[in-house]
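Participant: My questions are about this predicted structure, shown below with the sequence.
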Amino acid sequence: MAGNGGGRHLPGETALIVTVPAAEPLVGPWRSRFDAAAVAGGVPAHVTLLYPFLDRGLLDDDVLRELAEVFARHRAFEARLARCGRFPGVLYLAPEPVGPFRALTEAVTARWPEAPPYGGAFAEVIPHLSVAKDQPADVFAAAEAELSPRLPVAARISAVQLIALAGCRWQQQRTFPLAGH
């Protein structure tokens, strides 16, 4: 997850993520050193569907019910983290296929257009699992050299987690199963 414009997260922010436990043994050692969301934030290996979502204070029973309904319309699916990729300042693993991840994001933003992915900062949202952020090129190169031969990582995507920032740590608020989980 990226922070707000200054790279910092604000208390009360929420996000919708898909955790990928199968990737944790591979990326955990890198994330624990080079990804602030893992280091201080307590966020496991994941693909972000929507950040920021609604402020925590807006998450009433109706919103939670509607989220459950949105996600229940989407089937659980198989994915694999197939290759390393880079954005400026980010090394990530690229999931395949990207279609189901995008469909989940699009379904939420269709219902809550006031919460565009990354605040509308990017014309195209590319699903990814961040490994390292804001590191020198040699750190990215070393991580990529170690990770690439160990790919792909297979994962079953069967639920979406709602997380919220409380103080300086992200906390899981709710899990929404996908159909057929």
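Facilitator: Structure's in. What do you need?
Participant: quick one: contacts of stretch 139-156?
Facilitator: 20-23, 26-27, 30, 34, 76-84, 86, 91, 93, 95-96, 131-132 (C-beta atoms under 8 Å, 6 or more residues apart in numbering). (Each C-beta comes from the backbone N, C-alpha and C, glycine too.)
Participant: from the chain's centre, how far out does it sit?
Facilitator: The gap between the average C-alpha position of stretch 139-156 and the chain average comes to 17 Å, counting by C-alpha atoms, centre = their mean, to the nearest Å.
Participant: Quick one: mean pLDDT over it.
Facilitator: Mean pLDDT, stretch 139-156: 98.
Participant: again with stretch 80-90
Facilitator: So the average pLDDT for stretch 80-90 ends up being 97.
Participant: The contacts of stretch 139-156 in strands, which ones?
Facilitator: The strands, defined by DSSP state E, take in 77-84, 86, 91, 93, 95-96, 131-132 from those.
Participant: Among the residues you listed, name the buried ones.
Facilitator: Taking 16 or more other C-beta atoms under 10 Å as the criterion, what is buried in these is Phe77, Ala79, Arg80, Leu81, Cys84, Leu91, Leu93, Pro95, Val131, Ala132.
Participant: what's the first one in contact with, if anything?
Facilitator: Taking C-beta under 8 Å, 6+ apart as the criterion, Phe77 is in contact with Pro100, Arg156, Ile157, Leu178.
Participant: which residue sits closest to Ala15 in space, ignoring its chain neighbours?
Facilitator: Nearest non-adjacent residue to Ala15, counting by C-beta to C-beta, 6 or more residues apart in numbering: Tyr51, 4.0 Å away.
Participant: ditto for Asp134
Facilitator: Gly89 (5.0 Å).
Participant: One more: Arg102?
Facilitator: Using C-beta to C-beta, 6+ apart, the closest residue to Arg102 is Pro127 (6.5 Å).
Participant: The one you found belongs to a helix?
Facilitator: No - read with DSSP: H, G, I helix; E, B strand; the rest coil, Pro127 is coil and lies in no helix.
Participant: Tell me who's in contact with it.
Facilitator: Val47, Ala94, Pro95, Val98, Phe101, Arg102, Thr105.
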